[in-house]
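In: I'll drop the sequence and a predicted model, then ask my questions.
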Amino acid sequence: YVSIDKQVMGFFTIKNKYRPGLKTVMHDLGADFEMHLLSGDNDSELPNLEPLFKHKEYLNFKQSPGDKLRYVEALKAQGKVVLMIGDGLNDAGALQESDVGITIADDIYHFSPACDAILNANKFEQLSKYIKFSRTSMNIVKISFAISFLYNIVGISFAAMGLLTPIISAILMPLSSVSVVAFVTFATILMARRKSI
């Protein structure tokens, strides 16, 4: 409140500013995943955050770094796979303990907690796309393993029959590795373009 000579002239209302695209990201991820909130702040933002979560009991405020760590440990003890997204040092322990830790950084060149991935804050709106694209990437990796396995089976078969000379084998071995790497690279780029990532 602002007063002049003990007369109240007005007041300021200070609100938290959320990252652009928060509602979209929460809606997209909430459709496929169980969402939890761990915040070190008090629950004054509860009315604004409650509509974004399906389960009110998953909203946790006044959480110390130790509380966050124990919460992640408890989820993992229930057999859940935990992906933790944090943006500060107070999330470091929970990020490290989670199965996958992603730090949201305003400047990716500044210090950030140890984690599996760093996402530039201005790309936050794309978070749900990146997470869903990771499934596509895993499928590409599995296909590349199958191709590599097929190469080896065919190569060993020809070698066992005495149809491959050492020189031909020396040429085909790195060629098979290069072709698998090329497949993974081009398949990933193609799928990323198709999904507008």
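Out: Looks like it arrived, so ask away.

In: quick one: residue 163 from residue 148, how far?
Out: For residue 163, the distance to residue 148 (Cβ to Cβ, to the nearest Å) stands at 20 Å. C-beta: built from backbone N, CA, C; applies to glycine.

In: look at these two and report which has more neighbours.
Out: residue 148 (15 against 9; other Cβ atoms under 10 Å).

In: I'd say that one and residue 181 touch.
Out: No - the criterion here is Cβ atoms under 8 Å, and residue 148 misses it with residue 181 at 10.0 Å.

In: the strand ranked longest in the chain - contacts with which helices or strands?
Out: Ranked by number of residues, the top strand in the chain under DSSP state E is strand 100-105. Using 3 or more Cβ pairs under 8 Å, 6 or more residues apart in numbering; DSSP states H and E, the elements in contact with strand 100-105 are strand 83-86, helix 92-97, strand 117-120.

In: which parts of that strand are buried?
Out: Residues of strand 100-105 classed as buried: 101-105 (neighbour count, 16 or more other Cβ atoms under 10 Å).

In: with stretch 130-140 instead?
Out: Those would be 130-131, 133, 136, 140, for stretch 130-140 by 16+ other Cβ under 10 Å.

In: now the longest helix along the chain, how far from the centre of its chain.
Out: Ranked by residue count and defined by DSSP state H, the top helix of the chain is helix 127-160. Taking Cα atoms, centre = their mean, to the nearest Å, one finds helix 127-160 lying 22 Å from the centre of the chain it belongs to.

In: what about residue 168, which SS state?
Out: At residue 168, secondary structure determined by DSSP: H, G, I helix; E, B strand; the rest coil is helix.

In: burial measure for it, as a count.
Out: There are 13 residues near residue 168, going by other Cβ under 10 Å.

In: and it, how far is that from residue 17?
Out: Distance from residue 168 to residue 17, by Cβ to Cβ: 64 Å.

In: and the buried residues of strand 100-105 as TSV, adding pLDDT and distance to residue 77?
Out: Formatted as TSV, these follow (pLDDT from 0 to 100; distance: Cβ to Cβ, whole Å):
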residue	pLDDT	distance to residue 77
101	92	18
102	91	22
103	89	24
104	88	26
105	85	29
